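Trainee: Kindly return the folded structure for what I paste below:
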Amino acid sequence: MPAIRFNLLSLIQSPLLLAGILFSPILQAQDRRQVKEPMMPTHICASLTPLAASSSENDTQRLQAVIDRCQAGSAVKLSGGRFVSGPLNMKSGVTLWLVRGAVLAASTNPHAYDKSGHCGTIDNIGQGCRPFIHFDKTQGGGIVGEGLIDGQGGQVMYGHGETWWQLARRAQKEGGKQNVPRLIEIDHARDITFYQVTLRNAPGFHVALNATEGATFWSVRIDTPADARNTDGIDPGASQDITIAHCFIRTGDDNVAVKAGRSGPTSHVSLLDNHFYWGHGMSIGSETVGGVSDILVRDLTLDETTSGLRIKSDASRGGIVSGILYEHVCMRGNRRPLDFDTHYHVGASGLDIPVYREIILRDVGGDAGQLIFRGYDAAHPLTVKLDGVHFGSAARWLVKSAQLHIGSNGVSPPMSGSAYGSPAYSHADCTKRWKPFPATANNIGAAI
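Mentor: Residues are numbered from 1 along each chain as shown. I've put the predicted structure just below:
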């Protein structure tokens, strides 16, 4: 593997220079807020139980009216069973509280979400649906409680012969884009809190953030089948000061994807003590043109995700990804446990060259799979420090246009040209960290 040997040796010859490049940004690689475990609301503006003849029309009007009347700093409390609603718009400072056993189910009627006559269809744009729950230019408030929000993505759409997910798969086969609602969308908002709630079966993304300043996701569960297309878990985009902590996520696409499109950069994101199961892993990208920086991923388990730690982009949407620290990460059963690729879409063209630099992996391990570090070209190499990165003997390195610096804690399997080898990785340090996905108490059947 001569390309690896050349890049490694050229970098090892200048360790002090590399250390200055790699370590200086990491001091700020986290949410700048003082984030603590949230508390349940102390003031309730309204307590609701389901109507005897619950319907999406009745529940939508009733829920929206109560949210609109609620004062900032108060909560709307749902208990007693299942509510079925169409789209809801949240109000600044208002919290939606779902107690244990409460279910808020999204209507399966595409007309309820329709923006331009295309919701529930396939076209070339795929933006024809409103989200189920929308935080738009709000400050404070959020969603808390041990209840469940069910997007009903696997239920047949009202008036159609297929589910939201079947529509998405058909769009993939036909080459179009599905028009499906996101479960929760947060736009131009500040200081939003999600605590303990379970999100299940979103038709599209579960939570998408855009231009948001300050959001906390603490002890949140996201639970959707592995074959539900484009059902990302939590996607911060063009946002700052985001914390995702103590969450359990399994879904049909990226468990978490930190994005930065043309609407702006994303920075100061902390992911602390999370557990991911099926899904596409802990991702950055694919939109990075706005710039992604100051990201901390610490104490993460990735249990049979397809990719593990992943940065993905290409020349059609690339930008600078820098100041990223991955620390204390355990992986098993991953196809590509390390997947840092600047050529995400083969054949993509454009002038937005992706550059990944100032990235550290410290105390990261797994078993088999491909370990991919592919920079764009010799003029735009990927630069990474690996310090205590250990995988089993069946793992394979794939390195191109990359400058890898190996720290004193070494890597395994051995890499050609590395000054620091290390014995095969043992799972001893991870055995106490694997956890089964928590059972949910909300098993109420689906209904239109």
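
Trainee: which residues in the chain form helices?
Mentor: Here the chain has its helices, by DSSP state H, at 2-12, 15-23, 56-69, 110-113, 164-174.

Trainee: helices or strands next to the longest one in the packing?
Mentor: Read that as helix 56-69. Under the contact definition 3 or more Cβ pairs under 8 Å, 6 or more residues apart in numbering; DSSP states H and E, helix 56-69 sits against strand 44-48, strand 75-78, strand 82-85, strand 88-89. Backbone N, C-alpha and C define where each C-beta goes, glycine included.

Trainee: can you give me the angle the longest one makes with helix 56-69?
Mentor: So the one you mean is strand 44-48. Using axes from the mean of the first three to the mean of the last three Cα atoms, to 10 degrees, the inter-axis angle of strand 44-48 relative to helix 56-69 is 170 degrees.

Trainee: to the chain's geometric centre, what's the distance from strand 44-48?
Mentor: Centroid separation between strand 44-48 and its chain, computed with Cα atoms, centre = their mean, to the nearest Å, is 31 Å.

Trainee: Okay, now the sheet partners of that strand, with direction.
Mentor: With DSSP bridges as the test, strand 44-48 is paired with strand 75-78 (parallel).

Trainee: pLDDT averaged over the strand it pairs with, what's the number?
Mentor: When pLDDT is averaged over strand 75-78, the result is 98.

Trainee: Run through the chain and note the low-pLDDT ranges.
Mentor: Within the chain, the segments meeting pLDDT under 70 span 1-29, 54-55, 417-428, 441-448.

Trainee: circling back: nearest to E57, of the helices and strands packed on helix 56-69?
Mentor: For the helices and strands packed on helix 56-69, proximity to E57 was assessed by Cβ to Cβ; strand 82-85 is nearest, at 9.1 Å.

Trainee: where's P110 relative to V258, distance?
Mentor: According to Cβ to Cβ, to the nearest Å, P110 stands 30 Å off from V258.

Trainee: do the same with G410
Mentor: Using Cβ to Cβ, G410 is found at 28 Å from V258.

Trainee: Looking at the two, which one has more neighbours?
Mentor: Remark: of G410 and V258, V258 carries more neighbours, 29 against 19, as counted by other Cβ atoms under 10 Å.

Trainee: in the sheet, who's paired with the closest residue to that one other than its chain neighbours?
Mentor: Nearest non-adjacent residue to V258, counting by Cβ to Cβ, 6 or more residues apart in numbering: I284, 4.7 Å away. Using DSSP bridges, the beta-bridge partners of I284 come out as V258, I311.

Trainee: how near is I284 to S56?
Mentor: Taking Cβ to Cβ as the measure, I284 falls 37 Å from S56.

Trainee: For these two, indicate the residue with more neighbours.
Mentor: In terms of neighbours (other Cβ under 10 Å), I284 is the more surrounded of I284 and S56; the figures are 27 against 20.

Trainee: count of residues packed around F83?
Mentor: Using other Cβ under 10 Å, F83 has 25 neighbouring residues.

Trainee: That one and L104 touch, don't they?
Mentor: Yes: with contact defined as Cβ atoms under 8 Å, F83 reaches L104; the gap is 5.0 Å.

Trainee: re earlier: now tabulate the helices and strands packed on helix 56-69 in JSON lines and tack on distance to G308.
Mentor: Formatted as JSON lines, those follow (distance: least, Cβ to Cβ, whole Å):
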{"stretch": "strand 44-48", "distance to G308": "42"}
{"stretch": "strand 75-78", "distance to G308": "37"}
{"stretch": "strand 82-85", "distance to G308": "37"}
{"stretch": "strand 88-89", "distance to G308": "35"}
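
Trainee: If you count neighbours, what's buried in stretch 86-102?
Mentor: For stretch 86-102, a neighbour-count test (16 or more other Cβ atoms under 10 Å) marks 86-88, 90-98, 101-102 as buried.

Trainee: Check those and tell me the two furthest apart.
Mentor: Comparing all pairs in the buried residues of stretch 86-102 by Cβ to Cβ, the longest separation belongs to S92 and G101, at 28.2 Å.

Trainee: got a list of what the residue nearest to the spatial centre of the chain touches?
Mentor: Using Cα atoms, centre = their mean, the residue of the chain that lies closest to the mean C-alpha position is V256, 1.5 Å off. Neighbour list for V256: 232-235, 244, 249, 271, 274, 276, 282-283 [criterion: Cβ atoms under 8 Å, 6 or more residues apart in numbering].
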